[in-house]
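Undergrad: Please find the sequence and the predicted model below.
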Amino acid sequence: MIRLAQLYTGGVGAEIVRRLDGHPRLRLVAVLVHSDSKAGRDSGELTGARPNGIVTTQSVDEVIAARPDAAIYSGPHWDVPLIARLLRAGINVYTGMGGYYLPGQPEFEEVDSAARHGGASFTAGGNIPGLISDVFPLFVTGYTGRISYIRCWQRNHVSANPSAVQIQSIGLGVPVADSERQAMIDDAWVWALRQSANMIARALGFDCTSATLTGKDFAIADQDVTLEGSGLVIKKGTVAGARWSVTGYTGPRPFVTITNEQTAVLRLGAGWRQDHAQPPYTVEIDGDPPITATMGWPEGTPPGTANYHLNAARALNTVTRLVAARPGAVSVLDFPMVTASDGLTD
């Protein structure tokens, strides 16, 4: 049984706590929270599950003292000092926020050395970067050859997201004229998706020498809209939808373009997501044979909830691979294919 700590209880973190109830291979031993209102509470009750006896804390020291084998970090931003502290304490760490493929990144040495010092492993993943921008296209490449180009799309609708801060962090509800903030968001997406391009290149046997923002589109709200999940008001004239395209190059040759669309409002115009029937994930591969692959939810599945469930399940499934991986900063290229870790259910 793997002893597991969950750090923070937003949409994904809360779903992880709920899924750990009765898990056959993972046992929750600690839960870290941000706010005073969440502290000192039974983490099962806090997240809408049955009581589990694990009382939430705001102390990282208490999390470490619980002696988890692994921790899932679901914080609001890429927190290298905190993650390195856990790794030096011998705790394996998975995160869905940053560090998606660290070789070649400036944070690699700090994270990798902390992990090696503690004899622990670090990895990251999610839906983007992760599923649609590296794991899914790499899986599909196993069924073709002579690849000349890869295109990946995510169409993510966030109206059910409970975090106003997270929604605004990706540029929604932000004035287009706020050029400084928009530039910071653009840089963050390029930083993140460059890691996916690096992973694809490494897996296919060449180097990604650069990655640049090759497309940026806005859709503007024509009226005030209050989002159901967070209560955030997308004010008229601010960004209701944003789309970034990042292209990876090997030398002068482009080999992958990853397009990430985020919308707070549906039916924003031609080319934007019109309804939930449209598949959220698509990969196209120019190869021999050419392949188009889509992935989405069954009809009637709430897309916001489904996205949290996907990320929570991926985190839990990856933990079982991570604890067996070599010490250091690793990726899915370094351990066997991740599969469901909770067995066949009724």
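TA: Structure received.
Undergrad: from here on, contacts and neighbour counts on C-alpha atoms
TA: Noted.
Undergrad: mean confidence for stretch 264-271?
TA: If you average the pLDDT over stretch 264-271, you get 92.
Undergrad: Sort out which residues of it are buried, please.
TA: Residues Ala264, Val265, Leu268 are the ones in stretch 264-271 that count as buried (16 or more other C-alpha atoms under 10 Å).
Undergrad: Counting neighbours, which bits of stretch 246-261 end up buried?
TA: 246-250, 254-261.
Undergrad: between those, which is closest to Val140?
TA: Taking C-alpha to C-alpha as the measure, Val140 sits nearest to Val256 out of the buried residues of stretch 246-261, at 13.8 Å.
Undergrad: Endpoints of stretch 82-94, how far apart?
TA: 12 Å (C-alpha to C-alpha, to the nearest Å).
Undergrad: cool, and stretch 131-140?
TA: Using C-alpha to C-alpha, the distance between the terminal residues of stretch 131-140 is 12 Å.
Undergrad: And stretch 154-162, by the same measure?
TA: 20 Å.
Undergrad: now stretch 311-330
TA: OK, stretch 311-330 end separation, C-alpha to C-alpha: 18 Å.
Undergrad: The closest residue to Gln223 other than its chain neighbours - how many residues pack around it?
TA: Leaving aside its chain neighbours, Gln223 sits nearest to Lys236 (4.3 Å; criterion: C-alpha to C-alpha, 6 or more residues apart in numbering). By other C-alpha atoms under 10 Å, 15 other residues sit near Lys236.
Undergrad: does Trp297 sit in a helix or strand, and which one?
TA: Assigned by DSSP states H and E, Trp297 belongs to no helix or strand.
Undergrad: That one touches Ala306, doesn't it?
TA: Yes - Trp297 is in contact with Ala306 according to C-alpha atoms under 8 Å; the separation is 7.3 Å.
Undergrad: so who does the residue nearest to Gln223 touch?
TA: Ile220, Ala221, Asp222, Gln223, Asp224, Val225 (C-alpha atoms under 8 Å, 6 or more residues apart in numbering).
Undergrad: buried sites along the helix or strand where Tyr308 lies?
TA: If you go by DSSP H and E, Tyr308 is part of helix 303-322. Using 16+ other C-alpha under 10 Å as the test for burial, helix 303-322 gives 303-304, 307-309, 311-322.
Undergrad: Please name every helix or strand in contact with that helix.
TA: In terms of contacts (3 or more C-alpha pairs under 8 Å, 6 or more residues apart in numbering; DSSP states H and E), helix 303-322 is packed against helix 11-19, strand 92-95, strand 121-124.
Undergrad: what are the pairing partners of the last one, and which direction each?
TA: Meaning strand 121-124. Each strand that pairs with strand 121-124, with its direction, by DSSP bridges: strand 92-95 (parallel), strand 328-329 (parallel).
Undergrad: I'd like the mean pLDDT over the helix or strand following that strand, please.
TA: Next along the chain after strand 121-124, taking DSSP H and E as the criterion, comes helix 136-141. Averaging pLDDT along helix 136-141 yields 98.
Undergrad: list the buried ones in stretch 154-165?
TA: In stretch 154-165, counting by 16+ other C-alpha under 10 Å, buried: Gln154, Arg155, Asn156, His157, Val158, Ser159, Ala160, Asn161, Pro162, Ser163, Ala164.
Undergrad: distance between the ends of it?
TA: 21 Å.
Undergrad: Show me what the mean pLDDT comes to for that stretch.
TA: So the average pLDDT for stretch 154-165 ends up being 88.
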